[in-house]
Structures are given as structure tokens and as C-alpha cells.
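Asker: I'd like to go over a predicted model; first the sequence, then the structure.
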Amino acid sequence: MRQLLLTTTLICAATLASAQDAALIVGNADYANLPDVARADRLVAAGADLADHGFDLMGGRNVAAGDLFGQAVAFSDQAQDATRMVVALSGQFATNDAQTWFMGQDAGEPDDFTVGRRAILLQTALQTLARAPGAAVLMLGVTDADTTYDDGLTAGIGTLDIPSGVTVLQGTPEVIEGLMRYAVAVPGADLIATARRTRGITLSGFVPNSLTLIESDAPIPPSERVTLPPELTAQTTDSETTAWTAARAADTESSYARYLDAYPSGANAAAAVSRLADLRRNPPNPLRDAENALGLSADARRAIQRDLQIMGFDTRGIDGIFGPGTRGAITAWQDDNDVDETGFLTRDQIDRLSIQATARAQQREAEAAAARAELERRDRAYWEETGERGGKRNLRAYLDRFPDGLFAEQANERLGRANAPAPADDNSAAAAVEAQLAMDPISLQLVEARLAQLGLEPGSVDGQLDNRSRQAIRRYQRDRNLGATGYLDQATVSQMLVDAFR
């Protein structure tokens, strides 16, 4: 489900507008149906100064789901060419561990099938932030409540698949508010250094030695950069500082483990845990290191994932992240091409894959065009046989065979129908598959925009899949031999993604 939502986010990125820098800041403290979150709404005021430093601000206090979706779309719109991006969310979260949602102010107790209707997906926010690697920050203010909902959902934040170049900070609403006020929105402030001196902050993802989002016109002495209030400051000692310096110098699992054994609640404990987890996830690997040495950008990685999809190897998304899905696809491609099955690519293999995918894409496009041409030929021939003669019986016969045909609108007008009827087949199973994707209105809106780009006339691009949207989906599926149900499934969304990146 995670990759499908990422997919729809990426499908229509080229249709959105742009701005230099963007920030989405939402603090939901006063929930209508869920427990309130004290101080969560103060985050918005803490980040207001970003507007004075080149950021377009979106979000607000106690934002209901409908407005939350609108603000998220506006942020995506502004973020296209951003050089700096901040997403800060404080309030109630729900997770099934693989996915995490930030809940709108009017959300009820979530369940796995409907959670996306009243919440935004954190992975979508992360993918948007990935457009500004090295200057993209996600801040999450979350309570310590241990709440379990129905269908395997719990309150809190699950495992995050963090794109390269995105810095993630987690803490209580109070701590995240303080970090926003004293570091993120302060000219010259070093966010990483401040976070490491702030109690209860967890750093993950891209954690450089320093990160300053707002440069200062004049040099600021280190002692004057950030003064944290005592309630936010993590205490440190000279011996701890020495141990931390040694751990970072060695940069090994054992060095960070020794630091944590000695200072489990130290000022740098969060940073040590984050780095230790990174090292355990990515132990030394010469093949990986050789691939990393190629310096593949996020766009280059997405191009490789696209090529693998075109060749029939499912990467489970085109997001620029080489996770288990992509590694499995690379291994399968290597096996198919009689090269060592390492799961890591060389430059020669990347070039070979690109050549293969280009040829296959051209073949697919020709096949789709031929299929559409043949369908239109049969459509016109049957219309000449039935529809042109008129009469309800002939018009109904035409619509039974071509419910989304070239002359369907004309046939329905003659029959006095406002819209084409749904196909007679029972699509309840297809509808259930689509429901399991739990696609939020933003993702559905992007799907409709992609269909409109292809000239398939889905109607209003509003995130509501009506009859015209279903017709457009069926046409898309029919041209590509995907099973024309009019409902979204993994194969359809994945193919849309491949098409979008040609």
C-alpha cells in the first residue's frame, strides 16, 4: 500500500506549479473525536517567522481533514522547485508500523480501510521533501500515549522509509515547538547541533554534522547562535563529550554501543541510536560501496526503477529509494541477463538496462496504439451497424458492447441518459481491491490529473472517482491489456507510473 500511494504522488508531479521554498506547519491540539494533544497547536506560531525568510507557509491550527488535504496539495504545488522545505506536524498519528498517518482535527478512531480519508500519509510528505535533498526537514510532535485501534492500527509513528537527503526529527509537541522556535526559524542556527542539545529528540535519515536552513547575513559567534530554555536542554559532562567525540571518530557499531552503555540518557544518545541503527541496517558491503561511488542522484535512481518496471520487474514503487523491492527487482533482472545476482548495479549494467527499457517502452507504446486503433475500428464499425440506424434497441446494443466507446455519449443522449451506465459486470471484487489501497483524496486527484494528461477525459480533477473517472480508468486499462474494471489496482497504478516517467 505504501508504494501505491507514493506512486500516485509522483505520477502528476509535472503538472504542479513551483515556488522557491515551502513549509507545511500543522498543529492539531483540539480534536473532535480523538484525545486532545496539549501544546500541539503552538507549533504554528513558533514557525511563523519562516515567512520572513523566503518560505511560503501552509497549514494552520486545528485543521480538519478537508482543509488538511487542501493545504497538503498547496504545499506540493509550492514545493516543486524549492531549495529548502520544512514539514512540521504535531498532534495525533496512527500507524500500522509500515505506514503512518497524521490525523485531521475531525478524524474519528481510525481503521485500516478508511484512515486515509481523514489523514495525510507521512510517506507522501517524505517523497515531496525528497525534492530538496540536504535542505529538507520533517518534524513530528507526538504524544507518548499507548493506544491501540481496531484493525492493527496504533497511535504513534511507525517505521519511516526516509528518502536520501531528508532529515527527520521526532519528539514531544513541546520539544518540537521549541526546536522550531529556537533553531529552524532562527537565522544562522545549526539545527543538528541544537537538536543534539535538546532533550528527547530522535534524529534519523540525513544527519550531517551541521544543517542551517536560514543563513545569517553576518557571522554569529557559537555562544550566541541558540540559547535553549532550561526545560529543553539535555545536560552533558566533559567525560560524556569525550566519549561522544571518540565514538564519532571511530564511527563503528561498537563505538556507539560503548557510548550508549556509558550514557544511555546522554545529550547525544538520540544521535548515537540513529547512527547505530544506520550501521546495522547497512553493514560494510563492497558491492554497495561501488554502486554508491557511481553517485546516482535521486532522479537517476528513479530512472533505473522505471526501467526495471518497464522490463517487468516490480520495484514496488518509483521513489528513488533502493529498498527491498528494488533490490529484488535488480537481482531478478541480473538473473534474467546471466550476470552475477548481487542486487547491486554497475555502470555497464545500468546502461544495458536503459537500452533494453527504451526498446521495450517503444514496443509497448506501439502495441497500445495498435490496440486502440483496432478497438476504434471495431467501435466505428459497430456504430455504423447499430447506432446510426437509431432506435432504442440498436443504441442499447451499441452501449452494451462499447459502454465507453467513441459514440457512447451520443448514444446516451439519444436515449435521454445523463451519463453512461456502469458496465453490467459485477465489479465488487475490483472495488474491494481498490478500497484496500486506502488512497487518500490527494492521491486520487493526482491519478485523475494523469488521466487528463493522457486525453482520457476523467472529468473534474477533484479526487472523487465518478462515472467519467471510471470510464477514463477503463479506457486506460483496456489500451494496456490490464483488465478493464474501471477500478484501480496495483498493476494499473504501477503502469501509470511507468508511463509518467517516459
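Answerer: The structure has been received and is ready for your questions.
Asker: Could you list every helix and strand in contact with the longest helix belonging to the chain?
Answerer: The residue-count maximum for a helix in the chain (DSSP state H) belongs to helix 347-385. In this structure, helix 347-385 packs against helix 298-310, helix 392-401, helix 467-479, with contacts taken as 3 or more C-beta pairs under 8 Å, 6 or more residues apart in numbering; DSSP states H and E. Every residue, glycine included, has its C-beta placed from N, CA and C.
Asker: Okay, angle between the helix or strand following the first one and helix 298-310 too, please.
Answerer: Sequence-wise, the next helix or strand beyond helix 298-310 is helix 324-336, with elements assigned using DSSP states H and E. Between the direction of helix 324-336 and that of helix 298-310, the angle (axes from the mean of the first three to the mean of the last three C-alpha atoms, to 10 degrees) works out to 60 degrees.
Asker: Using CSV, list the CA coordinates for helix 324-336.
Answerer: This file holds the C-alpha atoms of helix 324-336, laid out as CSV (Å, rounded to 0.1, in the frame of the first residue of the first chain):
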residue,chain,number,x,y,z
PRO,A,324,14.0,-4.5,-0.7
GLY,A,325,11.6,-4.2,-3.6
THR,A,326,14.1,-2.6,-5.9
ARG,A,327,16.9,-4.8,-4.8
GLY,A,328,14.8,-7.9,-5.5
ALA,A,329,13.9,-6.5,-9.0
ILE,A,330,17.6,-5.8,-9.7
THR,A,331,18.5,-9.4,-8.7
ALA,A,332,15.8,-10.8,-10.9
TRP,A,333,16.9,-8.7,-13.8
GLN,A,334,20.5,-9.8,-13.3
ASP,A,335,19.4,-13.4,-13.2
ASP,A,336,17.5,-12.9,-16.5
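Asker: orientation of it relative to helix 347-385 in degrees?
Answerer: 100 degrees.
Asker: now helix 324-336: how far from the chain's centre is it?
Answerer: 22 Å (C-alpha atoms, centre = their mean, to the nearest Å).
Asker: Double-check T212 against G188; I have them as touching.
Answerer: Yes - using C-beta atoms under 8 Å, T212 makes contact with G188 at a distance of 6.4 Å.
Asker: Please identify which of the two sits among more neighbours.
Answerer: Neighbour tally, T212 and G188, criterion other C-beta atoms under 10 Å: the higher count belongs to T212, 19 against 16.
Asker: tell me the pLDDT at the spatially closest residue to the more buried one that is not a sequence neighbour?
Answerer: Nearest residue to T212, sequence neighbours excluded (C-beta to C-beta, 6 or more residues apart in numbering): D190, at 5.6 Å. D190 is assigned a pLDDT of 88 by the prediction.
Asker: shouldn't D190 be in contact with L211?
Answerer: Yes - with contact defined as C-beta under 8 Å, D190 reaches L211; the gap is 6.8 Å.
Asker: Please enumerate the strands of the stretch 1-150 of the chain.
Answerer: Assigned by DSSP state E, counting those that start in this stretch, the strands in the stretch 1-150 of the chain fall at 21-27, 56-61, 84-91, 93-95, 100-103, 119-121, 136-142.
Asker: What strands flank the second one, and is each parallel or antiparallel?
Answerer: Partner strands and pairing direction for strand 56-61 (DSSP bridges) are strand 21-27 (parallel).
Asker: Run the angle between the strand it pairs with and strand 136-142 for me.
Answerer: 0 degrees.
Asker: ok, the residue at minimal distance from the centre of the chain to D161 distance?
Answerer: Among the residues of the chain, the one closest to the centroid is T124, at 2.3 Å (C-alpha atoms, centre = their mean). For T124, the distance to D161 equals 11 Å [C-beta to C-beta, to the nearest Å].
Asker: okay, and the helix or strand of this protein with the least pLDDT?
Answerer: Ranked by mean pLDDT, DSSP states H and E, the helix or strand of the chain with the weakest confidence is helix 222-225, at a mean of 39.
Asker: which strands and helices sit next to the helix or strand just after that one?
Answerer: Counting by DSSP H and E, the next helix or strand C-terminal to helix 222-225 is helix 238-250. Judged by 3+ C-beta pairs under 8 Å, 6+ apart, helix 238-250 is in contact with helix 253-262.
Asker: Return the distance of the helix it packs on from the chain's centre.
Answerer: With C-alpha atoms, centre = their mean as the basis, helix 253-262 stands 34 Å off its chain's centre.
Asker: Could you do stretch 283-299 as well?
Answerer: Relative to its parent chain, stretch 283-299 has a centroid offset of 23 Å by C-alpha atoms, centre = their mean.
Asker: Please identify the buried residues of it?
Answerer: Across stretch 283-299, burial judged by 16 or more other C-beta atoms under 10 Å covers 288, 291, 296, 298.
Asker: Could you do stretch 256-267 as well?
Answerer: Under 16+ other C-beta under 10 Å, the buried positions of stretch 256-267 are 256, 258-260, 263, 266-267.
Asker: from the chain's centre, how far out does that stretch sit?
Answerer: 34 Å.
Asker: that older thread, now the helices and strands packed on helix 347-385 as TSV including mean pLDDT and distance to G27?
Answerer: Listed next are the helices and strands packed on helix 347-385 as TSV, based on pLDDT from 0 to 100; distance: least, C-beta to C-beta, whole Å:
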stretch	mean pLDDT	distance to G27
helix 298-310	88	30
helix 392-401	88	52
helix 467-479	88	34
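Asker: Distance to A430 added to those helices, as JSON lines?
Answerer: As requested, the helices and strands packed on helix 347-385 are exported to JSON lines (distance: least, C-beta to C-beta, whole Å):
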{"stretch": "helix 298-310", "distance to A430": "22"}
{"stretch": "helix 392-401", "distance to A430": "19"}
{"stretch": "helix 467-479", "distance to A430": "10"}
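Asker: So for T326, which of those helices sits nearest?
Answerer: Of all these, it is helix 298-310 that lies closest to T326, at 5.8 Å by C-beta to C-beta.
Asker: which parts of the closest one are buried?
Answerer: 298, 301-310.
Asker: who's in contact with the spatially closest residue to D440 that is not a sequence neighbour?
Answerer: Leaving aside its chain neighbours, D440 sits nearest to G116 (4.0 Å; criterion: C-beta to C-beta, 6+ apart). By C-beta atoms under 8 Å, 6 or more residues apart in numbering, the contact set of G116 is 5, 101, 438-440, 443.
Asker: could you dump the residues you listed to TSV with pLDDT?
Answerer: Compiled in TSV, these are given as follows (pLDDT from 0 to 100):
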residue	pLDDT
L5	39
W101	93
A438	70
M439	73
D440	74
S443	75
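Asker: just the buried members of those?
Answerer: Using 16+ other C-beta under 10 Å, the buried ones in these are 5, 101, 438-440, 443.
Asker: Tell me the spacing between the residue lying farthest from the centre of the chain and W383.
Answerer: Within the chain, the residue lying farthest from the chain centre (C-alpha atoms, centre = their mean) is R389, at 51.3 Å. Using C-beta to C-beta, one obtains 10 Å as the distance from R389 to W383.
Asker: still on that earlier bit, nearest to T245 among the helices and strands packed on helix 347-385 would be which one?
Answerer: Ranking the helices and strands packed on helix 347-385 by distance to T245, with C-beta to C-beta as the measure, places helix 298-310 first at 32.5 Å.
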